[in-house]
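Novice: with the input below, show me the fold.
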Amino acid sequence: MRIYRELALRSFRQVLTYRGATLAGLFTNAIFGVIIASVFIGYYGAVDGAAVRGWSEQQTITLMWISQSILMVMYLWGWWEIARTIQTGAVAMDMLKPVNFVGYWLSRDLGRAAAQMIVRFVPTFIIGNLLYSLLAPASIANAVAFFASIALGVVVSFGWRFLLNISGFWLVDHRGINYVAMAAINILSGLLIPLAFLPDPILAVVNLLPFRAIVMIPGEIYLGQIPIAEGLAIQVFWSVALLLLGGWVFSLGEKKVVVQGG
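Specialist: Next up is the predicted model:
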């Protein structure tokens with residue numbers, strides 16, 4: 001276990017070194033947070049502030065700022081490190097390391113996410129609270145469960161990203177699947193709107209997918225929109241399911257590795 005702990009610690013330190021990128025990201029998150037919040041303020045103004053599908057204006061705005069705050073913690077899109085090692089052939093060296101391949105990358109991702117909680121989640125959420133007086137957690141239990149939910153959301157997110165990355169064993173270029181994945185995560189995770197706003201037939205399908213466990217459930221737990229045990233159970237299920245699936249698919253790809261260029 002020590003090696004995985006060291007891998008996480010090194011990733012944690014690595015994130016802290018990129019101060020310029022962190023400040024730029026904070027500015028971007030704040031701008032998008034204001035834009036999205038403004039859209040919903042206008043929307044609720046058009047319906048005279050009435051709750052929509054069980055979501056009040058303040059709950060929706062709080063959820064949107066939670067989403068912006070955990071954006072880089074979850075690393076929803078743009079992470080193609082494993083795919084690049086497959087393209088360059090460096091993945092062969094990773095395979096030779098005396099560690100589990102999935103565990104190796106998961107440890108690194110958990111360390112990265114822990115650092116992003118400090119440099120991106122906390123400042124972004126403070127900005128949102130200063131601008132919009134966001135709601136507090138529904139209870140102390142919800143507050144504690146919220147952070148546990150974020151940790152599980154990172155694992156689910158990693159499982160999804162891992163599957164996308166190891167598609168590089170079969171695909172020469174990951175850009176096509178990247179565009180599809182971005183659209184899926186933006187619409188189906190609760191990043192842009194509460195999933196409850198979707199039509200019932202679509203919502204029924206979306207609730208069967210893993211994306212809700214990445215963004216929506218942490219927000220729902222924070223606001224008390226879902227029982228804590230139910231929300232965490234869904235995330236645990238998808239964490240285990242995606243990691244097992246990723247390990248199995250990797251084992252298939254490992255048997256037919258072709259290093260491009262020779």
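
Novice: residue 131 touches residue 34, doesn't it?
Specialist: Yes. Counting by Cβ atoms under 8 Å, residue 131 does reach residue 34; the two are 6.8 Å apart. From N, CA and C alone the C-beta is placed, and that goes for glycine too.

Novice: which stretches in the stretch 1-150 of the chain count as helices?
Specialist: 2-16, 19-46, 57-69, 71-74, 81-88, 91-96, 101-116, 122-132, 140-166 (DSSP state H, counting those that start in this stretch).

Novice: could you do the stretch 151-262 of the chain as well?
Specialist: 175-188, 200-206, 216-223, 228-254.

Novice: on that earlier part again, so which of the helices of the stretch 1-150 of the chain gets nearest residue 197?
Specialist: Ranking the helices of the stretch 1-150 of the chain by proximity to residue 197 (Cβ to Cβ) places helix 57-69 first, at 8.7 Å.

Novice: who touches that closest one?
Specialist: 29-30, 32-33, 36-37, 40-41, 44, 49, 52, 55, 120-122, 124-125, 128-129, 132, 134-135, 190-192, 194, 215, 218-219, 222-223, 225 (Cβ atoms under 8 Å, 6 or more residues apart in numbering).

Novice: can I get the buried part of those as one ChimeraX selection?
Specialist: With 16 or more other Cβ atoms under 10 Å as the criterion, this ChimeraX line picks the buried residues out of these:
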select :29,30,32,33,36,37,40,44,52,55,120,121,124,125,128,132,134,135,190,191,194,215,218,219,222,223,225
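
Novice: nearest residue to residue 10 other than its sequence neighbours?
Specialist: Sequence neighbours aside, residue 111 is the residue nearest to residue 10 in space, at 6.8 Å (criterion: Cβ to Cβ, 6 or more residues apart in numbering).

Novice: hang on, the earlier thing: which one of residue 131 and residue 34 has more residues nearby?
Specialist: Neighbours per residue (other Cβ atoms under 10 Å) separate residue 131 from residue 34, with residue 34 holding more: 17 against 14.

Novice: about what we covered before: with respect to burial, which of the helices of the stretch 151-262 of the chain scores highest?
Specialist: helix 216-223 (a mean of 27; mean count of other Cβ atoms under 10 Å).

Novice: let me see the mean pLDDT of that one.
Specialist: Mean pLDDT, helix 216-223: 98.

Novice: before we move on, back to that, wait, which of the helices of the stretch 1-150 of the chain is closest to residue 174?
Specialist: Among those, helix 81-88 sits nearest to residue 174 (Cβ to Cβ), with 4.8 Å.

Novice: quick one: contacts of that closest one?
Specialist: Counting by Cβ under 8 Å, 6+ apart, 90-91, 94, 105, 162, 164-169, 174, 257, 260 sit against helix 81-88.

Novice: closest to residue 201 among the residues you listed?
Specialist: Distances from residue 201 to those, taken by Cβ to Cβ, are shortest for residue 164, at 26.8 Å.

Novice: got the contact list for the closest one?
Specialist: Neighbours of residue 164 in contact, by Cβ under 8 Å, 6+ apart: 80, 83, 174, 177-178, 181.
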